[in-house]
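Student: sequence first, predicted model second:
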Amino acid sequence: QVQLVESGGRLVQAGESLRLSCAASGRTFSYYAMGWFRQAPGKEREFVAAISRSGGDTDYADSVKGRFTISRDNAKNTVYLQMNSLEPEDTAVYSCAARRGVTSRSEKEYTYWGQGTQVTVSS
């Protein structure tokens, strides 16, 4: 069992940066690939980024590639999402998720989910 708690979401201006954190419970954090997903009002949840268990492999949605960076600190049981050059289109609830095995872009592949943190980008 893994519990995930996101933090760091807030209201920012377009062009600003923000770092989200996702803290995981348990001693087996390094067993899990981690993903970030987001859901904007009236839209389906979409993949943002994922990172492998060791942190050596990452994957990004085209819409955030070059602006967002996912990373993890297995000693701290935490995964991060550094978001730069934020745009109003990035406004959404951001959730982290965990799955055993390799990274995936499919939300159906993830077993554990956090409650999400709201990111609002004003123009």
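Tutor: Sure, I can see it. Treat the numbers as computed from the prediction; the structure is a model and nothing was measured.
Student: any stretches of the chain with poor pLDDT?
Tutor: Along the chain, segments meeting pLDDT under 70 are nowhere present.
Student: mind listing the strands for it?
Tutor: Using DSSP state E, the strands of the chain run over residues 4-7, 11-13, 18-24, 32-39, 46-51, 58-60, 68-73, 78-83, 92-100, 112-113, 117-122.
Student: for residue 106, which of the ones you listed is the nearest?
Tutor: The closest of those to residue 106 is strand 46-51. By Cβ to Cβ, the value is 7.6 Å. Just so you know, the C-beta spots here come from the backbone N, C-alpha and C atoms, and that holds for glycine as well.
Student: take the strands of the chain and write them to a markdown table, including mean neighbour count.
Tutor: Output for the strands of the chain, formatted as a markdown table (neighbours: other Cβ atoms under 10 Å):
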| stretch | mean neighbour count |
| --- | --- |
| strand 4-7 | 18 |
| strand 11-13 | 13 |
| strand 18-24 | 20 |
| strand 32-39 | 24 |
| strand 46-51 | 22 |
| strand 58-60 | 17 |
| strand 68-73 | 19 |
| strand 78-83 | 23 |
| strand 92-100 | 22 |
| strand 112-113 | 18 |
| strand 117-122 | 17 |
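Student: with that, I have no additional questions.
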